[in-house]
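Colleague: Next comes the sequence, and after it the predicted model I'd like to discuss.
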Amino acid sequence: MLHRGQESTDGAGGGELTVPMAWLYAEYIADELLRSGELMPPTSFEFRAGRDALALTIFLSDTDGELSGIQVVSQLENWLSLTAYDQPWQDWVSERMAALTAAEAATDGPSPDLDLARTAWRWLEETELLAPDLNAVPGGGPVTGEDEGPKVWTPAWQLGLPLGHLAIHLF
């Protein structure tokens, strides 16, 4: 998602501040989708996991580097299919990140957009959140509240991805 004319504040690329517009735009879209669905409080780690998973999906699926506001609606079906339960999303992200890293190596220098995407991906892979164990069968009496059931540590991307998928679906 490279934006022409946005390499730096003056366009010269001479060590000036580089603005990661592509990543910030993807993150903004993800944030708006999640907020409109009102699925989680925006201050929760679950919300962050959903926003980062969705932002990665948006950022990495823009192969032409030209995602504009009008194209967001046309991309919703694509993002919905990429984040679906039966899709190998984690493998897809790894492959796209590797391809973008290879392309970055062939250019002049590091991409601030890709650096932020790498940071988000690292957080999603390395962070575990305590979540209800949906595969557990309660072994005694009925569970009355959601906080009383069995819990399991889950990688953040495994919580964020379905949250992002649901947010797209609700939009």
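Modeller: Arrived safely, thanks for sending.
Colleague: From the rest of the structure, what touches the lowest-mean-pLDDT helix or strand in the chain?
Modeller: For the chain, counting by mean pLDDT, DSSP states H and E, helix 71-82 ranks last in confidence among helices and strands (a mean of 82). Residues outside helix 71-82 that contact it (C-beta atoms under 8 Å, 6 or more residues apart in numbering): 29, 54, 57-58, 61-62, 67, 87, 89, 92, 165, 168-169, 171. (C-beta placed from N, C-alpha, C; glycine too.)
Colleague: and what of stretch 118-134?
Modeller: If you take C-beta under 8 Å, 6+ apart as the criterion, stretch 118-134 is touched by 45-46, 49, 52-53, 55-56, 93, 97, 146, 149-157, 159-160.
Colleague: farthest-separated two in the contacts of helix 71-82?
Modeller: Pairwise distances across the contacts of helix 71-82 (C-beta to C-beta) peak at 21.2 Å, for the pair 92 and 171.
Colleague: Can you identify each of the strands in the chain by residue range?
Modeller: 128-132, 151-155 (DSSP state E).
Colleague: Just the buried subset of the contacts of stretch 118-134, written out for PyMOL, thanks.
Modeller: To isolate the buried ones among the contacts of stretch 118-134 in PyMOL, judged by 16 or more other C-beta atoms under 10 Å, type:
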select buried, resi 46+49+52+53+55+56+93+97+154+155+156+157+159+160
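Colleague: So for residue 113, what's the pLDDT?
Modeller: On pLDDT, residue 113 comes in at 90.
Colleague: pretty sure it contacts residue 25?
Modeller: No. Assessed by C-beta atoms under 8 Å, residue 113 is found out of contact with residue 25, at 9.3 Å.
Colleague: For those two, indicate the residue with more neighbours.
Modeller: Comparing residue 113 with residue 25 by other C-beta atoms under 10 Å, the one with more neighbours is residue 113, at 25 against 21.
Colleague: any idea how far the more buried one lies from residue 98?
Modeller: 16 Å (C-beta to C-beta, to the nearest Å).
Colleague: ok, now residue 170?
Modeller: 32 Å.
Colleague: now swap in residue 72 and tell me
Modeller: Residue 72 sits 26 Å away from residue 98, going by C-beta to C-beta.
Colleague: Give me the residue at the spatial middle of this protein.
Modeller: Nearest to the geometric centre of the chain sits residue 53, at 2.3 Å (C-alpha atoms, centre = their mean).
Colleague: Just give the closest residue to it, not the sequence neighbours.
Modeller: In space, residue 53 comes closest to residue 160 once its chain neighbours are excluded; the distance is 3.6 Å by C-beta to C-beta, 6 or more residues apart in numbering.
Colleague: Distance check, the one you found against residue 133.
Modeller: Spatial separation of residue 160 from residue 133 under the definition C-beta to C-beta is 17 Å.
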